[in-house]
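**Q** Predicted coordinates and the sequence they were generated for:
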Amino acid sequence: MIPVPLAAPETKELRAARFRVIAAGLVLAAALLFLGELRQLIGSAALPSLAAASTFLAVQGWAWARLKNAADDAWLFRETDDVA
């Protein structure tokens with residue numbers, strides 16, 4: 001779903017984090033697309049909701065990228081019995 005090289009097998013935690021990033025992106029896109037309707041529905045809380053969704057996406061995306069990078073590094077640089 002996200003075009004990132006998968007060096008390490010995906011754990012449950014990484015999969016859940018990836019799905020949260022995708023879901024947050026979809027929520028933010030829908031909120032931006034229907035901002036007028038959202039403002040009519042919830043009034044002045046629309047802008048703080050948009051800011052909260054943006055902040056969640058930024059923080060969760062950063063955390064997912066760090067976790068994935070650490071997992072990939074651990075997988076790529078693991079000790080093996082190969083003598084090359």
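**A** Sure thing, it's come through.
**Q** what helices or strands is the helix of greatest length in the chain leaning on?
**A** Taking DSSP state H as the criterion, the chain has its longest helix at helix 46-76. Packing partners of helix 46-76 (3 or more C-beta pairs under 8 Å, 6 or more residues apart in numbering; DSSP states H and E): helix 12-33, helix 35-42. For every residue, glycine as well, the C-beta is placed using N, CA and C.
**Q** and the longest one with helix 46-76, angle?
**A** Going back to what we said before, that points to helix 12-33. Between the axes of helix 12-33 and helix 46-76, defined by axes from the mean of the first three to the mean of the last three C-alpha atoms, to 10 degrees, the angle is 150 degrees.
**Q** now helix 12-33, how far from the chain's geometric center?
**A** 6 Å (C-alpha atoms, centre = their mean, to the nearest Å).
**Q** With just CA atoms, put it into PDB.
**A** Extracted C-alpha coordinates of helix 12-33, given in PDB (Å, rounded to 0.1, in the frame of the first residue of the first chain):
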ATOM      1  CA  LYS A  12       1.900  -6.700  14.100                       C
ATOM      2  CA  GLU A  13       3.100  -3.400  15.500                       C
ATOM      3  CA  LEU A  14       4.500  -2.100  12.200                       C
ATOM      4  CA  ARG A  15       1.400  -3.200  10.300                       C
ATOM      5  CA  ALA A  16      -0.900  -1.500  12.800                       C
ATOM      6  CA  ALA A  17       1.300   1.700  12.600                       C
ATOM      7  CA  ARG A  18       1.200   1.600   8.700                       C
ATOM      8  CA  PHE A  19      -2.600   1.200   8.700                       C
ATOM      9  CA  ARG A  20      -2.900   4.200  11.100                       C
ATOM     10  CA  VAL A  21      -0.800   6.300   8.800                       C
ATOM     11  CA  ILE A  22      -2.900   5.300   5.800                       C
ATOM     12  CA  ALA A  23      -6.200   5.800   7.700                       C
ATOM     13  CA  ALA A  24      -5.000   9.200   9.000                       C
ATOM     14  CA  GLY A  25      -4.100  10.300   5.500                       C
ATOM     15  CA  LEU A  26      -7.600   9.200   4.200                       C
ATOM     16  CA  VAL A  27      -9.300  11.100   7.000                       C
ATOM     17  CA  LEU A  28      -7.300  14.200   6.400                       C
ATOM     18  CA  ALA A  29      -7.900  14.000   2.600                       C
ATOM     19  CA  ALA A  30     -11.700  13.600   3.200                       C
ATOM     20  CA  ALA A  31     -11.800  16.400   5.700                       C
ATOM     21  CA  LEU A  32     -10.000  18.700   3.300                       C
ATOM     22  CA  LEU A  33     -12.200  17.600   0.400                       C
END
